[in-house]
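Novice: Build the 3D model from these lines:
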Amino acid sequence: MDKVKSIVETFLRDDEGLFDDEPKDLDALRATIRIAGDFHDFLNKWGDAPPKEEVEYTMGTIRSGIDFFFSMMFLYRILDTSRARRTFSWEATPEFAKIRQSFLSMFDTLVSEDLELTERLACLLILTKIELVFLASNFLADGQLA
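Specialist: You can find the predicted model right below:
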């Protein structure tokens, strides 16, 4: 079973019907997890020196998920987070090495730790935030306007 499918299943196992009524929310969850998985693969494959073409392709992948990311954020905002045992945060930095290190560590948390649903969703949203910082920090990275 691939990692994306496995992560989706961990969300659905504990979702208490959250994704039953709105298929678009489940689609957003799947897309957000798929993009996180793709970014994880990119970071592992290319290390600290990815080729420009791969950076641009990955930026496009992240950009394709913007609407899904916002759907997940809005869904998270309506959840009761009082059962959460832990919270997640990340201080934004444009430094690629720190983005890479932070993302890989947080991704490991998402896939390996026993998290309550709201904790798992918060972790996924922090991963998304890191992806968006990567996107922003590489936007016009060569400093040239068309």
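
Novice: got a list of what the nearest residue to residue 3 once chain neighbours are set aside touches?
Specialist: What sits nearest to residue 3 in space, not counting adjacent residues and going by Cβ to Cβ, 6 or more residues apart in numbering, is residue 37, at 5.7 Å. Where you see a C-beta, it was placed from the backbone N, CA and C, and this is true even at glycine. Contacts for residue 37 (Cβ atoms under 8 Å, 6 or more residues apart in numbering) come out as 2, 3, 4, 7.

Novice: Which ChimeraX command selects the buried ones in those residues?
Specialist: Only the buried entries of these go into this ChimeraX selection, using 16 or more other Cβ atoms under 10 Å:
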select :3,4,7
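
Novice: Any buried residues in the lengthiest helix in the chain, and which?
Specialist: Ranked by residue count under DSSP state H, the longest helix found in the chain is helix 23-46. Neighbour-count burial for helix 23-46, with 16+ other Cβ under 10 Å as criterion, is recorded at 25-26, 28-40, 42-43.

Novice: Give me the buried positions along the least confident helix or strand in the chain by mean pLDDT.
Specialist: Scoring the helices and strands of the chain by mean pLDDT, DSSP states H and E places helix 3-13 at the bottom, with a mean of 89. Using 16+ other Cβ under 10 Å as the test for burial, helix 3-13 gives 3, 4, 7, 8, 10, 11, 12.

Novice: Nearest spatial neighbour of the last one, chain-adjacent residues omitted?
Specialist: Counting by Cβ to Cβ, 6+ apart, residue 19 is the residue found nearest to residue 12 once chain neighbours are left out, at 6.5 Å.

Novice: I am assuming that neighbour contacts residue 26, so please confirm or correct that.
Specialist: Yes: at 4.3 Å, residue 19 counts as touching residue 26 under the criterion of Cβ atoms under 8 Å.

Novice: Cool, thanks, talk later.
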